[in-house]
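Undergrad: One predicted model, sequence on top.
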Amino acid sequence: VKPQVMLLATGGTIAGAGATAANSASYQAAKVPVDKLIAGVPELAGVAQVRGEQVFQIASESFTNEHLLTLGQRVAALAVQADVQGIVITHGTDTLEETAYFLHLSVHTDKPVVLVGSMRPGTALSADGALNLLNAVTVAADASARGKGVLVVMNDEIHTGRDVTKMVNIKTEAFKSPWGPLGMVVEGKSHWFRAPVKRHTTGSEFDITRIRTLPRVDIAYGHGNVGDTAYKAFAAAGAKAVIHAGTGNGSVAAGVVPALRELRAQGVQIVRSARVVGGGFVIRNAEQPDDQYDWVAAHDLNPQKARILTMLALSQGADSKTLQRQFMEY
Ligand SMILES: NC(=O)CC[C@H](N)C(=O)O
(Lines give C-alpha, C1' and ligand atoms only; values in the text may rest on other atoms or scores of the structure.)
Protein backbone atom coordinates (compact mmCIF):
# COMPACT_ATOMS: atom_id res chain seq x y z
CA VAL A 1 0.00 0.00 0.00
CA LYS A 2 1.10 3.54 -0.71
CA PRO A 3 1.87 5.99 2.10
CA GLN A 4 -0.95 8.33 3.10
CA VAL A 5 -0.27 12.00 2.45
CA MET A 6 -2.55 14.86 3.51
CA LEU A 7 -2.65 17.79 1.11
CA LEU A 8 -3.54 21.07 2.80
CA ALA A 9 -4.38 23.72 0.22
CA THR A 10 -4.07 27.41 1.04
CA GLY A 11 -4.18 29.13 -2.37
CA GLY A 12 -1.46 30.87 -4.34
CA THR A 13 -0.50 30.56 -7.98
CA ILE A 14 -0.45 26.78 -7.82
CA ALA A 15 -4.23 27.21 -7.50
CA GLY A 16 -4.28 30.11 -9.95
CA ALA A 17 -6.05 30.55 -13.27
CA GLY A 18 -5.42 32.91 -16.16
CA ALA A 19 -7.53 34.00 -19.12
CA THR A 20 -5.30 32.37 -21.75
CA ALA A 21 -2.39 29.94 -21.97
CA ALA A 22 -0.13 32.91 -22.72
CA ASN A 23 -0.89 34.47 -19.32
CA SER A 24 2.11 33.32 -17.30
CA ALA A 25 2.26 36.44 -15.15
CA SER A 26 -1.22 38.02 -15.28
CA TYR A 27 -3.79 35.76 -13.65
CA GLN A 28 -5.78 35.30 -10.48
CA ALA A 29 -4.20 33.35 -7.64
CA ALA A 30 -6.20 31.09 -5.33
CA LYS A 31 -8.98 29.94 -7.68
CA VAL A 32 -8.71 26.17 -8.11
CA PRO A 33 -10.05 24.02 -5.23
CA VAL A 34 -7.98 21.24 -3.71
CA ASP A 35 -9.96 18.37 -5.28
CA LYS A 36 -9.24 19.78 -8.72
CA LEU A 37 -5.55 20.21 -7.90
CA ILE A 38 -5.35 16.53 -6.98
CA ALA A 39 -7.44 15.39 -9.95
CA GLY A 40 -5.19 17.43 -12.24
CA VAL A 41 -2.19 15.23 -11.44
CA PRO A 42 -3.27 11.56 -11.79
CA GLU A 43 0.37 10.51 -11.31
CA LEU A 44 -0.04 11.31 -7.60
CA ALA A 45 -1.86 8.01 -7.15
CA GLY A 46 1.31 6.17 -8.12
CA VAL A 47 3.18 7.78 -5.24
CA ALA A 48 0.74 8.08 -2.35
CA GLN A 49 -2.87 7.95 -1.24
CA VAL A 50 -3.56 11.66 -1.25
CA ARG A 51 -6.42 13.24 0.67
CA GLY A 52 -7.10 16.96 0.29
CA GLU A 53 -8.33 19.65 2.63
CA GLN A 54 -8.97 23.28 1.73
CA VAL A 55 -7.60 25.26 4.68
CA PHE A 56 -7.68 28.69 3.02
CA GLN A 57 -7.99 29.97 -0.54
CA ILE A 58 -5.84 33.12 -0.52
CA ALA A 59 -2.82 34.76 -2.04
CA SER A 60 0.03 34.41 0.40
CA GLU A 61 0.81 38.12 0.67
CA SER A 62 -2.44 38.25 2.66
CA PHE A 63 -1.32 35.67 5.23
CA THR A 64 -1.76 37.00 8.76
CA ASN A 65 -0.54 35.69 12.09
CA GLU A 66 -4.00 34.14 12.51
CA HIS A 67 -3.48 32.16 9.31
CA LEU A 68 -0.11 30.94 10.60
CA LEU A 69 -1.63 29.78 13.87
CA THR A 70 -4.61 28.08 12.22
CA LEU A 71 -2.43 26.27 9.69
CA GLY A 72 0.17 25.31 12.28
CA GLN A 73 -2.43 23.86 14.62
CA ARG A 74 -3.96 21.85 11.77
CA VAL A 75 -0.56 20.48 10.73
CA ALA A 76 0.25 19.52 14.32
CA ALA A 77 -3.12 17.77 14.72
CA LEU A 78 -2.66 15.80 11.49
CA ALA A 79 0.93 14.92 12.28
CA VAL A 80 -0.10 12.88 15.33
CA GLN A 81 -2.62 10.83 13.31
CA ALA A 82 -1.46 7.28 12.62
CA ASP A 83 -3.07 7.37 9.16
CA VAL A 84 -0.94 10.32 8.01
CA GLN A 85 2.63 9.60 6.90
CA GLY A 86 3.37 13.00 5.39
CA ILE A 87 1.82 16.41 4.84
CA VAL A 88 1.99 18.66 1.78
CA ILE A 89 0.90 22.30 1.93
CA THR A 90 0.19 24.18 -1.29
CA HIS A 91 0.93 27.86 -0.74
CA GLY A 92 1.45 31.11 -2.59
CA THR A 93 5.12 31.72 -3.12
CA ASP A 94 5.31 35.29 -1.84
CA THR A 95 5.39 34.41 1.86
CA LEU A 96 5.93 30.66 1.54
CA GLU A 97 9.33 30.96 3.21
CA GLU A 98 7.76 32.60 6.27
CA THR A 99 5.13 29.91 6.75
CA ALA A 100 7.73 27.18 6.16
CA TYR A 101 10.05 28.61 8.82
CA PHE A 102 7.15 29.13 11.23
CA LEU A 103 6.14 25.45 10.96
CA HIS A 104 9.79 24.33 11.04
CA LEU A 105 10.15 26.10 14.41
CA SER A 106 6.85 25.21 16.01
CA VAL A 107 5.43 21.84 14.88
CA HIS A 108 6.80 18.91 16.86
CA THR A 109 6.89 16.10 14.35
CA ASP A 110 9.37 13.86 12.56
CA LYS A 111 6.98 13.32 9.68
CA PRO A 112 7.75 15.09 6.43
CA VAL A 113 5.95 18.42 6.07
CA VAL A 114 6.51 19.85 2.60
CA LEU A 115 5.45 23.24 1.26
CA VAL A 116 5.03 23.72 -2.46
CA GLY A 117 3.86 26.42 -4.83
CA SER A 118 4.27 27.38 -8.43
CA MET A 119 5.33 30.39 -10.42
CA ARG A 120 2.85 29.91 -13.26
CA PRO A 121 -0.87 29.12 -12.98
CA GLY A 122 -2.04 25.71 -14.17
CA THR A 123 -3.70 27.36 -17.18
CA ALA A 124 -0.37 28.64 -18.55
CA LEU A 125 1.99 27.07 -21.08
CA SER A 126 4.82 25.27 -19.28
CA ALA A 127 2.94 25.49 -15.99
CA ASP A 128 5.22 24.31 -13.19
CA GLY A 129 2.63 23.45 -10.55
CA ALA A 130 1.80 19.89 -11.57
CA LEU A 131 5.37 18.59 -11.41
CA ASN A 132 6.09 20.63 -8.30
CA LEU A 133 3.07 19.01 -6.64
CA LEU A 134 4.07 15.51 -7.72
CA ASN A 135 7.59 16.14 -6.42
CA ALA A 136 6.30 17.51 -3.12
CA VAL A 137 4.06 14.47 -2.56
CA THR A 138 6.99 12.23 -3.53
CA VAL A 139 9.13 13.80 -0.79
CA ALA A 140 6.29 13.81 1.77
CA ALA A 141 5.71 10.09 1.14
CA ASP A 142 9.40 9.27 1.44
CA ALA A 143 10.65 7.93 4.77
CA SER A 144 14.07 9.39 3.98
CA ALA A 145 12.57 12.87 4.44
CA ARG A 146 11.66 12.19 8.07
CA GLY A 147 13.36 14.23 10.77
CA LYS A 148 14.72 16.85 8.39
CA GLY A 149 12.30 19.56 9.46
CA VAL A 150 9.86 21.40 7.24
CA LEU A 151 10.85 21.27 3.59
CA VAL A 152 10.11 23.31 0.49
CA VAL A 153 10.03 21.54 -2.87
CA MET A 154 10.13 23.75 -5.94
CA ASN A 155 11.72 23.41 -9.35
CA ASP A 156 13.03 19.86 -8.65
CA GLU A 157 14.94 21.04 -5.56
CA ILE A 158 14.40 20.16 -1.90
CA HIS A 159 15.13 23.06 0.44
CA THR A 160 14.97 23.44 4.19
CA GLY A 161 12.22 25.80 5.30
CA ARG A 162 14.80 27.60 7.39
CA ASP A 163 17.08 28.75 4.62
CA VAL A 164 14.93 28.98 1.54
CA THR A 165 13.84 32.35 0.21
CA LYS A 166 12.10 33.67 -2.87
CA MET A 167 14.97 35.40 -4.61
CA VAL A 168 13.54 35.78 -8.08
CA ASN A 169 10.00 36.44 -9.21
CA ILE A 170 8.48 35.50 -12.58
CA LYS A 171 11.04 32.74 -13.18
CA THR A 172 10.33 29.14 -12.18
CA GLU A 173 13.73 29.00 -10.47
CA ALA A 174 12.40 31.43 -7.87
CA PHE A 175 13.60 29.77 -4.67
CA LYS A 176 17.15 29.55 -3.44
CA SER A 177 18.84 28.78 -0.17
CA PRO A 178 21.93 30.82 0.70
CA TRP A 179 23.59 27.62 1.95
CA GLY A 180 22.29 25.49 -0.89
CA PRO A 181 19.39 23.06 -1.29
CA LEU A 182 19.29 19.83 0.72
CA GLY A 183 18.69 17.71 -2.33
CA MET A 184 16.84 17.06 -5.55
CA VAL A 185 13.76 15.11 -6.51
CA VAL A 186 13.85 13.52 -9.93
CA GLU A 187 11.39 11.07 -11.50
CA GLY A 188 9.87 10.00 -8.23
CA LYS A 189 13.03 9.70 -6.21
CA SER A 190 14.55 11.99 -3.57
CA HIS A 191 18.30 12.50 -3.61
CA TRP A 192 19.80 14.03 -0.42
CA PHE A 193 23.11 15.83 -0.12
CA ARG A 194 22.92 17.59 3.26
CA ALA A 195 20.74 17.96 6.34
CA PRO A 196 19.88 20.95 8.54
CA VAL A 197 22.02 21.35 11.68
CA LYS A 198 20.01 24.06 13.46
CA ARG A 199 17.25 23.19 15.95
CA HIS A 200 13.81 22.53 14.51
CA THR A 201 10.50 20.62 14.93
CA THR A 202 11.02 17.91 17.60
CA GLY A 203 14.15 19.69 18.85
CA SER A 204 12.47 23.08 19.17
CA GLU A 205 11.50 24.89 22.37
CA PHE A 206 8.52 26.41 20.52
CA ASP A 207 5.32 24.40 20.38
CA ILE A 208 2.37 25.40 18.23
CA THR A 209 -0.06 23.48 20.44
CA ARG A 210 0.69 25.89 23.30
CA ILE A 211 0.65 29.17 21.37
CA ARG A 212 -2.62 31.13 21.31
CA THR A 213 -1.48 34.51 19.96
CA LEU A 214 1.61 36.02 18.38
CA PRO A 215 2.90 39.47 19.32
CA ARG A 216 3.16 42.25 16.79
CA VAL A 217 6.60 42.41 15.18
CA ASP A 218 7.28 44.76 12.26
CA ILE A 219 10.07 45.24 9.75
CA ALA A 220 11.61 48.63 8.87
CA TYR A 221 13.75 48.91 5.76
CA GLY A 222 17.17 50.57 5.72
CA HIS A 223 18.17 52.75 2.75
CA GLY A 224 19.98 55.96 1.88
CA ASN A 225 18.45 59.10 3.45
CA VAL A 226 16.49 56.88 5.85
CA GLY A 227 14.69 58.44 8.82
CA ASP A 228 13.34 57.02 12.07
CA THR A 229 9.64 57.56 11.32
CA ALA A 230 8.75 53.94 10.55
CA TYR A 231 10.51 52.54 13.64
CA LYS A 232 8.71 54.95 15.96
CA ALA A 233 5.36 54.42 14.24
CA PHE A 234 5.61 50.64 14.56
CA ALA A 235 6.40 50.92 18.25
CA ALA A 236 3.56 53.40 18.76
CA ALA A 237 1.23 50.91 17.04
CA GLY A 238 2.19 48.24 19.55
CA ALA A 239 5.15 46.41 18.03
CA LYS A 240 7.01 44.40 20.67
CA ALA A 241 10.03 44.20 18.38
CA VAL A 242 11.19 45.94 15.25
CA ILE A 243 13.29 44.03 12.75
CA HIS A 244 15.78 46.37 11.13
CA ALA A 245 16.22 45.29 7.50
CA GLY A 246 19.62 46.89 7.55
CA THR A 247 21.94 47.76 4.75
CA GLY A 248 25.03 45.56 4.31
CA ASN A 249 26.06 43.94 7.58
CA GLY A 250 22.87 45.11 9.25
CA SER A 251 24.27 48.61 9.56
CA VAL A 252 22.14 51.39 11.07
CA ALA A 253 22.19 54.99 9.84
CA ALA A 254 23.58 57.43 12.40
CA GLY A 255 20.33 59.39 12.31
CA VAL A 256 18.30 56.31 13.25
CA VAL A 257 20.47 55.05 16.13
CA PRO A 258 19.05 57.41 18.81
CA ALA A 259 15.46 56.36 18.08
CA LEU A 260 16.36 52.67 18.23
CA ARG A 261 18.15 53.17 21.55
CA GLU A 262 15.14 55.02 22.88
CA LEU A 263 12.74 52.29 21.72
CA ARG A 264 14.90 49.65 23.36
CA ALA A 265 14.81 51.64 26.60
CA GLN A 266 11.02 51.53 26.33
CA GLY A 267 11.12 47.73 26.08
CA VAL A 268 10.92 47.20 22.32
CA GLN A 269 13.36 44.57 21.06
CA ILE A 270 15.61 45.75 18.23
CA VAL A 271 16.81 43.03 15.86
CA ARG A 272 19.47 43.85 13.28
CA SER A 273 19.01 41.86 10.08
CA ALA A 274 20.24 42.60 6.55
CA ARG A 275 18.34 43.50 3.40
CA VAL A 276 20.99 41.94 1.12
CA VAL A 277 19.29 39.28 -0.98
CA GLY A 278 22.09 36.80 -1.59
CA GLY A 279 22.32 35.86 2.08
CA GLY A 280 22.92 38.39 4.81
CA PHE A 281 25.24 37.69 7.71
CA VAL A 282 24.99 39.96 10.74
CA ILE A 283 27.56 39.53 13.48
CA ARG A 284 26.91 40.70 17.02
CA ASN A 285 28.84 43.87 17.92
CA ALA A 286 30.07 44.32 14.36
CA GLU A 287 28.75 47.58 12.82
CA GLN A 288 26.94 48.49 16.04
CA PRO A 289 27.69 47.84 19.75
CA ASP A 290 24.85 45.40 20.40
CA ASP A 291 26.07 44.57 23.91
CA GLN A 292 25.98 48.24 24.88
CA TYR A 293 22.62 48.97 23.23
CA ASP A 294 21.04 45.62 24.17
CA TRP A 295 20.14 44.91 20.56
CA VAL A 296 19.99 41.49 18.90
CA ALA A 297 21.84 40.36 15.75
CA ALA A 298 19.75 38.23 13.37
CA HIS A 299 22.84 36.35 12.17
CA ASP A 300 21.99 34.86 8.73
CA LEU A 301 18.19 35.11 8.95
CA ASN A 302 16.63 37.52 6.49
CA PRO A 303 14.23 40.15 7.89
CA GLN A 304 11.04 38.19 7.18
CA LYS A 305 12.41 35.04 8.81
CA ALA A 306 13.77 37.11 11.70
CA ARG A 307 10.21 38.35 12.24
CA ILE A 308 8.92 34.77 12.52
CA LEU A 309 11.54 33.69 15.05
CA THR A 310 11.11 36.89 17.08
CA MET A 311 7.33 36.46 17.28
CA LEU A 312 7.69 32.89 18.54
CA ALA A 313 10.38 33.91 21.02
CA LEU A 314 8.38 36.83 22.40
CA SER A 315 5.22 34.71 22.58
CA GLN A 316 6.92 32.91 25.43
CA GLY A 317 8.44 35.97 27.03
CA ALA A 318 12.02 35.85 25.74
CA ASP A 319 14.34 38.62 26.94
CA SER A 320 17.07 40.00 24.69
CA LYS A 321 19.63 37.42 25.88
CA THR A 322 17.29 34.54 25.18
CA LEU A 323 16.34 36.03 21.84
CA GLN A 324 20.01 36.32 20.84
CA ARG A 325 20.64 32.71 21.86
CA GLN A 326 17.67 31.63 19.78
CA PHE A 327 18.97 33.51 16.76
CA MET A 328 22.17 31.48 17.00
CA GLU A 329 20.46 28.13 17.66
CA TYR A 330 17.57 28.19 15.15
N1 LIG B 1 3.71 32.59 -7.48
C2 LIG B 1 2.83 32.84 -6.52
O3 LIG B 1 2.34 31.96 -5.85
C4 LIG B 1 2.49 34.28 -6.26
C5 LIG B 1 0.99 34.49 -6.16
C6 LIG B 1 0.55 35.27 -4.97
N7 LIG B 1 1.13 36.58 -4.93
C8 LIG B 1 0.83 34.48 -3.70
O9 LIG B 1 1.86 34.56 -3.11
O10 LIG B 1 -0.05 33.75 -3.33
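TA: Perfect, I can see it now. Residues are numbered from 1 along each chain as shown.
Undergrad: I figured Val114 hits Gln85, correct?
TA: No. Val114 lies out of contact with Gln85 (C-beta atoms under 8 Å); the separation is 11.8 Å. (Each C-beta comes from the backbone N, C-alpha and C, glycine too.)
Undergrad: So the two - more neighbours on which side?
TA: Set Val114 next to Gln85 and count neighbours by other C-beta atoms under 10 Å: Val114 wins out with 28 against 20.
Undergrad: Is the more buried one located within a strand, as I assumed?
TA: Yes. Assigned with DSSP: H, G, I helix; E, B strand; the rest coil, Val114 falls within a strand.
Undergrad: ok now do the closest residue to the ligand within the chain, which residues does it touch?
TA: Nearest residue of the chain to the ligand: Gly92, at 1.8 Å (C-beta to the nearest ligand atom). Contact analysis of Gly92 by C-beta atoms under 8 Å, 6 or more residues apart in numbering lists 10-14, 29-30, 58-61, 63, 117.
Undergrad: for the residues you listed, which one is nearest Ala45?
TA: Nearest to Ala45 among the contacts of Gly92, counting by C-beta to C-beta, is Ile14 at 18.7 Å.
Undergrad: Doesn't the closest one belong to a helix?
TA: Yes. Going by three-state DSSP, the assignment for Ile14 places it inside a helix.
Undergrad: For the residue of the chain closest to the ligand, give me the pLDDT.
TA: With respect to pLDDT, Gly92 has a value of 98.
Undergrad: for the closest residue to Tyr293 other than its chain neighbours, phi and psi?
TA: Nearest non-adjacent residue to Tyr293, counting by C-beta to C-beta, 6 or more residues apart in numbering: Arg261, 5.7 Å away. Dihedral angles of Arg261 (phi, psi; degrees, to the nearest 10) stand at phi -70, psi -40.
Undergrad: can you count the residues close to Arg261?
TA: Based on other C-beta under 10 Å, the number of other residues close to Arg261 is 16.
Undergrad: before we move on, back to that, which residues are in contact with both of Val114 and Gln85?
TA: Taking C-beta under 8 Å, 6+ apart as the contact rule, Val114 and Gln85 both touch Ala140.
Undergrad: all helices for the stretch 151-300 of the chain, in order.
TA: Using DSSP state H, counting those that start in this stretch, the helices assigned to the stretch 151-300 of the chain run over residues 229-236, 257-265, 290-293.
Undergrad: Counting neighbours, what do you get for Gln73?
TA: 16.
Undergrad: any idea of the pLDDT on the residue nearest to it when sequence neighbours are not counted?
TA: Distances taken as C-beta to C-beta, 6+ apart place Ile208 nearest to Gln73, at 5.9 Å, with adjacent residues excluded. In this model, Ile208 is scored at 98, pLDDT.
Undergrad: wait, what's in contact with Ile208?
TA: Ile208 neighbours (C-beta under 8 Å, 6+ apart): 69, 72-73, 75-76, 103, 106-108.
Undergrad: try it again with 10 Å
TA: Applying C-beta atoms under 10 Å, 6 or more residues apart in numbering to Ile208 gives the contacts 68-69, 71-77, 79, 102-103, 105-108, 312.
Undergrad: Of those, select the buried ones using a PyMOL command.
TA: Buried subset of the contacts of Ile208, written as a PyMOL selection, criterion 16 or more other C-beta atoms under 10 Å:
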select buried, resi 68+69+71+72+73+74+75+76+79+102+103+105+106+107+108+312
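Undergrad: Just the ones of the contacts of Ile208 in helices?
TA: Those of those mapping onto helices are 68-69, 71-77, 79, 102-103, 105-106, 312, per DSSP state H.
Undergrad: Out of those, name the two that are farthest from one another.
TA: Most distant of the ones in helices among the contacts of Ile208, by C-beta to C-beta, are Ala77 and Leu312, 18.7 Å apart.
Undergrad: I'd like to know the beta-bridge partner residues of the closest residue to Phe193 other than its chain neighbours.
TA: Spatial nearest neighbour of Phe193, excluding adjacent residues (C-beta to C-beta, 6+ apart): Gly183 at 5.3 Å. Assessed by DSSP bridges, Gly183 has beta-bridge partners Ile158, Trp192.
Undergrad: neighbours of Gly183, just the number please.
TA: Residue neighbour count, defined by other C-beta under 10 Å, stands at 22 for Gly183.
Undergrad: That one is in contact with Val152, isn't it?
TA: No. Using C-beta atoms under 10 Å, Gly183 is not in contact with Val152, being 11.7 Å away.
Undergrad: shared neighbours of those two, anything?
TA: 139, 158-159.
Undergrad: Could you dump those residues into CSV with pLDDT, neighbour count and distance to the ligand added?
TA: Shown next, in CSV, are the shared contacts of Gly183 and Val152 (pLDDT from 0 to 100; neighbours: other C-beta atoms under 10 Å; distance: C-beta to the nearest ligand atom, whole Å):
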residue, pLDDT, neighbour count, distance to the ligand
Val139, 98, 28, 19
Ile158, 99, 27, 19
His159, 99, 25, 16
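Undergrad: got those as TSV, with distance to Asp319 columns?
TA: Output for the shared contacts of Gly183 and Val152, formatted as TSV (distance: C-beta to C-beta, whole Å):
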residue	distance to Asp319
Val139	38
Ile158	36
His159	32
